[in-house]
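Q: give me a 3D structure for the following:
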Amino acid sequence: MYIGNDGWEDVEGGLEVPASGGELEDNKRALLESAVLSSDPQWMNWKMREHHQRLEMMHQYWHQQLPALTIPEHPPANTAHLPSIQCDCEYIPVFTVDQANNEYANVALLRHGLLGCSPVTPSIAIDIQTLELYHRLWHCHPQLGVQPFVKTLCDLHEVNYHTGLHDQFSIAFDIYLDILRVVKKEIDSVLGCDSLNWRVLNACPCCHYKLEGEEPLIPAVLYAADGNNSARRAGSAGAADQCEFSSNYIISQNTVNVFKDEVKHSRGTLPWPPVPNRSHIDADTETTISTDDMLGRCTSNFKVSGPEQKKTALDIYEITGIFAAACHHGIIEKICEMVRSGELAKYGLAIIDHLLQAHGNDIGLAQDTGCAFSKTICVNAFHGYAHSHLCQLRYHPLYRTGFRLSDLEVMERVFSMSNALARVIRYATRYHWRQAIDLHFQQWDEDRYQDLSKFLYSKYKQALAIIHDFSDEVKLMCDRLSIAESDIQSWLDAEQRFLMNLKDEPVERQLKAAYVRTLQQQFANYIHNLKWQKVLQAFMHSTSVNTVADARQTLRLETVQRTAMDELLLSIRSVSDYEEKLGISATWSTDHLEYRAAEAYMHTQDFHRALDKLQQLVVQRLFELSKANMAGTGRVVLLSYKLRTAIGKAIKTRSQAIRTALNKYNILARQLSPPAPVIQWNDIIHYGFISEFELLKHSYSQHDIHDEPWTIPANRDVASKYFKIQCAHEEITCLNVEIRHLHTAIVDENTDLAQRVSALCETDSILANAADTFLRTRLRVNAMHLRRLCAIEALPGFSGITGTGV
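A: Prediction:
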């Protein structure tokens, strides 16, 4: 991976968000809160300070007794004369718990399987099993907030619900999670899992469990990064609670802001970076390309890569979303909070910096706007088809060595699940927002670890199927078309060379086309003026006797005729200006050779515009379809239903607009000499066809490439399947390495964990019990992995090394 200055600058701004995502309701709520605060600001400030002091004191009391709650002492031997805690309420049964001298009340409650809702004198306690039940339910269904769960408990116990119960349960649940985190930290320390960056270095054994003598992979690990604006948090929420939550998933804002001035805004020329791909173009040769030419088409298709000063966001949000990275197996690496901004470059650079520090330089990273950071990352498979064709040839995974069959769209799947959090964290405090994000991605990583062997199995079958299905077909087509595989590789080089050397049309040619267009307009204005002069003269010599009506009609005709005359004079002046610029002494007639050449070029210009419009509409339709089919959209909340409805209407409108643009294109295509191919509706609904738009456009310009082999549709079909076969072979090589990684890691982990837990039983039986629970869960999952790995090794066509490594 090559890191360099790409000439981009972060300009603090916001993210443009649709009105159907709940922003209007949030804005109304913020305006109402602002009105309440402005009514009596002194009283509101006093209430805020009082609330803040109470919360700060509560956090301090809980923090003081947290060590005692984490590792409780044995119950006192004699409780006859000990004080008691009386927990009562008007609707809850009264019970008492004995409390030892100098013992925290919650420690005494914890011995009985209860946890109080107050740090000092709890009057209500909640059963630990109830808290654990909600903990497990939340992991499986993040939309389940505290309120519906407490209401369910109230219904079960025939108790009237009120908001106080919600607050009390939330306090108890927070401290319960704190206890679990402390216990996990102790277990990690005992099991040797507490070193710096241990999670990111060991969460995915397929990626990071290196073995001796294994075949090296280039790049060694693949990552994907992207931003998402669903996980927003209102800035006014929980302003009084200043408690901070620490998560090893989230990169701190101070670290992110180190990169805010790392790149500088530039629109000059940049050397094309030497990036590894399947072409044979000399990597040491730098071809100077205009930044606008290189990035203009791509960034116009992605709002996030456009100028930040053009983005707007509602000021009501403090956190406008998250920017995250994950390995190609889906396990999360790191997350950045997007604070009052859109997807700025600093978030991606912070992720890249972390990856380089943790894993070294031998990594691959993909992002949907990867060409905007052309010296660092590539583009994802689906989003890549919306980029310019030259960008695809350089950065699409299909043409990049070592990127295998991975589509690198893993973040789309990550965010389709994390969108479920949006409803419960929008108005959470900063502490609870981070806590919810941390809990969700912990569960996500656990689920992805359970699916590792399934992922490897399905990928192996997919790669074998591609090799089986396409190899004979490509060989047969190559024999029929008299093509060698080396020729296919050279086509990629030739196509890149053509697009890199492509220049804009000469200014003189463009002026001639504009001159002819103005001449045609002048002639049309002249005919239009004569027409209205004849109509006016005929009316004025009529024998009508309706004086009032005749006066109005005369005024209207005079106005129309005068407007036509003005347009004629304007076109005459425009013709004179063009003749002066081009040095034309006599106006061209329609039989003039230069006139005919410029007229033909005008048809080409119209063809290009029609093709650009068609491409834009198809790209927009595809992105809308991807959102409409996104998992989690429209499932629970009304907000998602509104968004899906808006997307559905946009798709319907866009489809009609595409048909109109398609008809216009086909009309202009037939007028070219030679005629351009007519596009059918079934051609453009397949997203792979988008990659042909720009090539089709340049095929009918001043460059004659009709006879080039890489422009023939049959040859391009062969080339596409050929590169897929190459990716499949790379995938097999990678899977053989990753399968052995996982197999060896499981065997080593099972042995090491069993030994450490056994040793812990002799020194700390309480902590050993918690560690044993983790061990049993891990052994159960690992046993499932071993069965699937055996199934992979039994596949016909498996070419890896069976068993474990060292």
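Q: what's the following helix or strand after the top strand by length along the chain?
A: Across the chain, the strand with the greatest residue count (assigned by DSSP state E) is strand 317-327. Once strand 317-327 ends, the next helix or strand along the chain (criterion: DSSP states H and E) is strand 332-339.
Q: just the mean pLDDT for that following strand, thanks.
A: Mean per-residue pLDDT for strand 332-339: 94.
Q: try stretch 432-443
A: 94.
Q: test my guess that residue 150 contacts residue 160.
A: No. Counting by C-beta atoms under 8 Å, residue 150 does not reach residue 160; the two are 11.7 Å apart. The C-beta positions use only the backbone N, C-alpha and C, and glycine is treated the same way.
Q: hey, what's in contact with both of these two?
A: Taking C-beta atoms under 8 Å, 6 or more residues apart in numbering as the contact criterion, no residue touches both residue 150 and residue 160.
Q: of the two, which one has the most company?
A: residue 150 (23 against 8; other C-beta atoms under 10 Å).
Q: helix/strand/coil for that one?
A: Recorded secondary structure, residue 150: helix (DSSP: H, G, I helix; E, B strand; the rest coil).
Q: so it versus residue 171, what's the distance?
A: Residue 150 is 12 Å from residue 171, where distance means C-beta to C-beta, to the nearest Å.
Q: same question for residue 358.
A: 36 Å.
Q: which of these two has more neighbours?
A: More neighbours surround residue 171 than the other of residue 358 and residue 171, with 20 against 15 (other C-beta under 10 Å).
Q: residues in contact with the more buried one?
A: 58, 117-118.
Q: circling back: by contact count, what packs against the longest strand of the chain?
A: Packing partners of strand 317-327 (3 or more C-beta pairs under 8 Å, 6 or more residues apart in numbering; DSSP states H and E): strand 221-228, strand 233-234, strand 332-339, helix 345-359, helix 410-418, helix 430-450.
Q: which residues sit against the longest one?
A: Helix 430-450 is contacted by residues 138-140, 142, 174, 177, 203-204, 231, 233, 238, 241, 243-245, 247, 249-250, 318-319, 322, 329-332, 335, 414, 417-418, 421, 424-425, 428, 781, 784 when judged by C-beta under 8 Å, 6+ apart.
Q: and if you look at the first one?
A: For strand 221-228, the surrounding residues in contact (C-beta under 8 Å, 6+ apart) are 207-208, 304, 321-328, 333, 338, 342-343, 347-348, 351, 355, 359, 362-368, 377, 380, 403-404, 406, 408-412, 415, 418-419.
Q: buried ones among the contacts of helix 430-450?
A: Buried members of the contacts of helix 430-450, scored by 16 or more other C-beta atoms under 10 Å, are 138-139, 142, 174, 177, 203-204, 231, 233, 238, 241, 243, 245, 249-250, 318-319, 322, 329-332, 335, 414, 417-418, 421, 424-425, 428.
Q: quick one: average pLDDT of the strand or helix carrying residue 663?
A: Element membership for residue 663 (DSSP H and E) is helix 638-671. Helix 638-671 carries an average pLDDT of 66.
Q: stretch 344-353 too?
A: The model assigns stretch 344-353 a mean pLDDT of 89.
Q: how about the CA coordinates for it, as CSV?
A: C-alpha atoms of stretch 344-353 as CSV (Å, rounded to 0.1, in the frame of the first residue of the first chain):
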residue,chain,number,x,y,z
LEU,A,344,-14.4,13.6,5.6
ALA,A,345,-11.0,12.3,4.4
LYS,A,346,-9.7,12.4,8.0
TYR,A,347,-11.8,9.4,9.0
GLY,A,348,-10.5,7.3,6.3
LEU,A,349,-6.9,8.4,7.0
ALA,A,350,-7.3,7.6,10.7
ILE,A,351,-8.5,4.1,9.8
ILE,A,352,-5.6,3.6,7.4
ASP,A,353,-3.1,4.8,10.0
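Q: so where's this structure uncertain?
A: Residue ranges of the chain with pLDDT under 70: 1-48, 72-95, 263-314, 368-391, 499-506, 528-529, 532-550, 615-616, 619-654, 682-707.
Q: still on that earlier bit, out of the helices and strands packed on strand 317-327, which comes closest to residue 131?
A: helix 430-450 (13.5 Å; C-beta to C-beta).
Q: report the angle between the axes of that closest one and strand 317-327?
A: With axes from the mean of the first three to the mean of the last three C-alpha atoms, to 10 degrees as the basis, helix 430-450 and strand 317-327 are set at 20 degrees to each other.
Q: and which of the contacts of residue 171 is nearest residue 777?
A: If you rank the contacts of residue 171 by distance to residue 777 using C-beta to C-beta, residue 117 comes first, at 29.5 Å.
Q: was I right to think that closest one contacts residue 173?
A: No. Applying C-beta under 8 Å, one finds residue 117 not in contact with residue 173, separated by 9.6 Å.
Q: ok, longest helix in this structure?
A: In the chain, taking DSSP state H as the definition, the longest helix is helix 713-763.
Q: ok and the helix or strand following that helix relative to helix 430-450, angle-wise?
A: The helix or strand immediately downstream of helix 713-763 is helix 765-793, counting by DSSP H and E. Using the same axes, to 10 degrees, the inter-axis angle of helix 765-793 relative to helix 430-450 is 40 degrees.
Q: could you pull out the buried residues of helix 765-793?
A: Buried, per 16+ other C-beta under 10 Å, within helix 765-793: 767-768, 770-772, 774-775, 782, 785, 788-789, 792.
Q: would you map the strands across this structure?
A: Using DSSP E, strands in the chain cover 84-89, 92-98, 114-116, 125-127, 221-228, 233-234, 250-251, 269-271, 288-290, 317-327, 332-339, 363-366.
Q: and residue 743, what does it touch?
A: Residue 743 touches 786, 789, 803-805, counting by C-beta under 8 Å, 6+ apart.
Q: switch to 6 Å and redo it
A: Contact analysis of residue 743 by C-beta atoms under 6 Å, 6 or more residues apart in numbering lists 789, 804.
Q: residue 526 and residue 573: what is the separation?
A: 14 Å.
Q: more neighbours: which of the two?
A: Shown here are residue 526 and residue 573; by other C-beta under 10 Å, residue 526 has more neighbours (16 against 11).
Q: so what strands line up beside the longest strand of the chain?
A: In the sheet, strand 317-327 lines up against strand 221-228 (antiparallel), strand 233-234 (antiparallel), strand 332-339 (antiparallel) (DSSP bridges).
Q: nearest residue to the middle of this structure?
A: Nearest to the mean C-alpha position of the chain, by C-alpha atoms, centre = their mean, lies residue 226 at 3.8 Å.
Q: wait, residue 658 sits on residue 613?
A: No. The criterion here is C-beta atoms under 6 Å, and residue 658 misses it with residue 613 at 9.5 Å.
Q: tell me the contacts of residue 747?
A: Contacts of residue 747 by C-beta under 6 Å, 6+ apart are residue 804.
Q: number the residues from 23 up from this point.
A: Renumbered: residue one is now 23, and that last one reads residue 769.
Q: measure it to residue 476 for me?
A: 19 Å.
Q: can you check residue 130 too?
A: With C-beta to C-beta as the criterion, residue 130 and residue 476 are 47 Å apart.
Q: of these two, who's got more company?
A: Set residue 130 next to residue 476 and count neighbours by other C-beta under 10 Å: residue 130 wins out with 24 against 12.
Q: tell me the contacts of the more buried one?
A: 119, 121.
Q: would you mind measuring from it to residue 123?
A: 11 Å.
Q: same thing with residue 607?
A: Per C-beta to C-beta, residue 607 is found 113 Å from residue 123.
Q: next: residue 687.
A: Distance from residue 687 to residue 123, by C-beta to C-beta: 88 Å.
Q: these two: who's more crowded?
A: residue 687 (24 against 8).
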